[in-house]
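In: need a 3D model of the following:
(2 chains)
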Amino acid sequence: MIRNRVCIANAAAPVMIAMLLLFAGSSSVTASDQPSAGTADVKIDNFVFGPQTITVPVGATVTWTNKDDIPHTAVSTDGLFKSKVMDTDEKFSYTFSKAGTYSYYCSVHPKMTGKVVVQ
Amino acid sequence: MPNNKQDFIDQQLQDLNNDGVDRRGFLKCMAWAGTGLVWTMSGGIPLSRAFAKTANRTAGKGADFTFVQISDSHIGFNKPANPDVTATLQTAINKINSMPHKPDFIIHTGDLSQLSKPSEFDTLDQVLKGASAQQIYLVPGEHDMLTDNGEQYLQRYGKGTKGAGWYSFDHKGVHFVGLVNVANLKAGGMGSLGHEQLEWLEDDLKGRSASTPIVLFAHIPLWTIYPDWGWGTDDSEQALSYVKRFGSVTVLNGHIHQIMQKIEGKVSFHTAMSTAFPQPAPGSAPSAGPMKVPADQLQRVLGITDVNYLVSGRSLAVVDSPLADSGSLPSGSAGAPLAVIDSSHG
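Out: Numbers count the residues shown, from 1 in each chain, chains lettered A, B, ... in the order given. Next comes the predicted model:
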């Protein structure tokens, strides 16, 4: 009996190692990425960016979706990103590769402001 | 009850002191989209009167010329508030064409297009080609600067203009100035004229006789109406300081898709209705976006504005009439606003 268990254990080990290698090879996740760095959404409606301040991890992609019946843009105040005009249901995405606080606004309706906090 | 519009205006003018509006006060004219406004210059004082109505008023006598202001055509907009803005613009042009006195020119105070698309500008041009007045002066709105910082706007309409499209011209002794306050808007701000344009304006007005009537026109209001919705121009104070010395100044704006007027000293401010869709009164809705009305009501809320400035009484009566000719008078109800300003001052 003991012999059998050892045999099974020996047989399983290479399979497990192979599976680990398979996962490691197929994923582009690097050691520094968190599994939750993916996307975050900002909804534009009624002349408001919602949420007005959004906090995301480094490497996350923020996607703005315009649900308003008027076109809007998302333009960073420091020249980092500038969306094309988004009509209703159109989107704009930007991936934040560096930590920091990024203020932005709608260049068409400049009273609309927002912030992306990347940490 | 008055039997006709004339009696109604006369009655309202008699009631000047009882209308609940402050002298020189801020005046609201509730929000209905319209198809345009006719102004008559008479003795350097602009008046406005209804489209398609023969001017029987005293104000119409001795008029030097007339011009029409239209605004916010938003060609390309196709949401429920108005699925066919091209048709309603055409209606406005038809109104202009059916006026007994052909206006000398048309001023469009911006938001020609909805998305700055070439096809939208093309459609606008096509409709305007059918206007009896072929001289059209325009200024851009923020919707005309969406894709290329207004490059296309300038290519099409910027001949002879400076910077983002500002310019001036003289017409029968009146000095007109087209200003652009929708370029390089700053985060958290409202409309903006910018240093270069202000310098140009100061220079443009220099040396002109103070008796020259001045008309300034720009898209966003040059006075602060409602900052939360961006309805104002951050640096308009400086511009207005340059016109302070003139005896008659009229400021024509658009952007807010409703009529508002203010008189401050010798400066009269006026915002026009849109030919596309109405917007809510300040703070009366979650945002400034297009205001929907039932489809069968659209023609009733697209209307024209008749503003009579009586030199003799130095008073100004504003009567809104719906485009759909129901034959009924403005009654002061929600659907038919009336506003009277006592413009005497000093």
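In: may I ask which helix or strand of chain A has the lowest mean pLDDT?
Out: helix A:2-26 (a mean of 46; mean pLDDT, DSSP states H and E).
In: past it, which element shows up next along the chain?
Out: strand A:39-45 (DSSP states H and E).
In: so which residues on chain A come close to chain B?
Out: A:46-48, A:68-71, A:73, A:77, A:84-85, A:87-88, A:103-105, A:107-111, A:113 (C-beta under 8 Å from any C-beta of the partner chain). (C-beta placed from N, C-alpha, C; glycine too.)
In: what sits against the nearest residue to B:Met145 once chain neighbours are set aside?
Out: Nearest in space to B:Met145, with sequence neighbours left out and distances taken as C-beta to C-beta, 6 or more residues apart in numbering or on different chains, is B:Val182 at 5.8 Å. Residues in contact with B:Val182 (C-beta atoms under 8 Å, 6 or more residues apart in numbering or on different chains) are B:110, B:140-142, B:144-145, B:164, B:191, B:219-220.
In: just grab the bridge partners of B:Val182 for me.
Out: As for beta bridges, B:Val182 partners with B:Ser192 under DSSP bridges.
In: and the gap between it and B:Leu154?
Out: Look at B:Val182 and B:Leu154: by C-beta to C-beta, to the nearest Å, they are 13 Å apart.
In: what residues are shared contacts of the two?
Out: B:Ala164.
In: got a list of contacts for the helix or strand containing B:Phe176?
Out: Assessed by DSSP H and E, B:Phe176 sits inside strand B:174-178. Here strand B:174-178 makes contact (C-beta under 8 Å, 6+ apart) with B:41, B:44, B:107, B:137-139, B:161, B:165-170, B:201, B:204-205, B:208, B:212-218.
In: let's go with 7 Å and repeat that
Out: B:41, B:137, B:139, B:166-169, B:201, B:204, B:208, B:212-217 (C-beta atoms under 7 Å, 6 or more residues apart in numbering or on different chains).
In: dump the residue contacts of the nearest residue to B:Asp204 once chain neighbours are set aside.
Out: Using C-beta to C-beta, 6+ apart and skipping the chain neighbours, the partner closest in space to B:Asp204 is B:Ser168 (5.3 Å). Going by C-beta under 7 Å, 6+ apart, B:Ser168 touches B:175-177, B:204.
In: does B:Ser168 count as helix, strand or coil?
Out: Secondary structure, DSSP: H, G, I helix; E, B strand; the rest coil: B:Ser168 is strand.
In: so what's it bridging to?
Out: Residues in beta-bridge contact with B:Ser168 (DSSP bridges): B:Val177.
In: for chain A, which spans come out with low pLDDT?
Out: Scanning chain A for pLDDT under 70 picks out the ranges A:1-37.
In: need the pLDDT of the residue nearest to B:Met145.
Out: What the model reports for B:Val182 is a pLDDT of 97.
In: what angle sits between the stretch of helix or strand B:Tyr242 belongs to and strand B:174-178?
Out: Assigned by DSSP H and E, B:Tyr242 belongs to helix B:236-243. Helix B:236-243 runs at 160 degrees relative to strand B:174-178, counting by axes from the mean of the first three to the mean of the last three C-alpha atoms, to 10 degrees.
In: whichever residue of chain A sits closest to chain B: neighbour count?
Out: Taking C-beta to the nearest C-beta, chain B has its nearest neighbour within chain A at A:Tyr105, 3.7 Å off. Residues lying near A:Tyr105 (other C-beta atoms under 10 Å in any protein chain shown) number 24.
In: that one bridge partners, please.
Out: Note on A:Tyr105: beta-bridge partners by DSSP bridges are A:Val75, A:Thr113.
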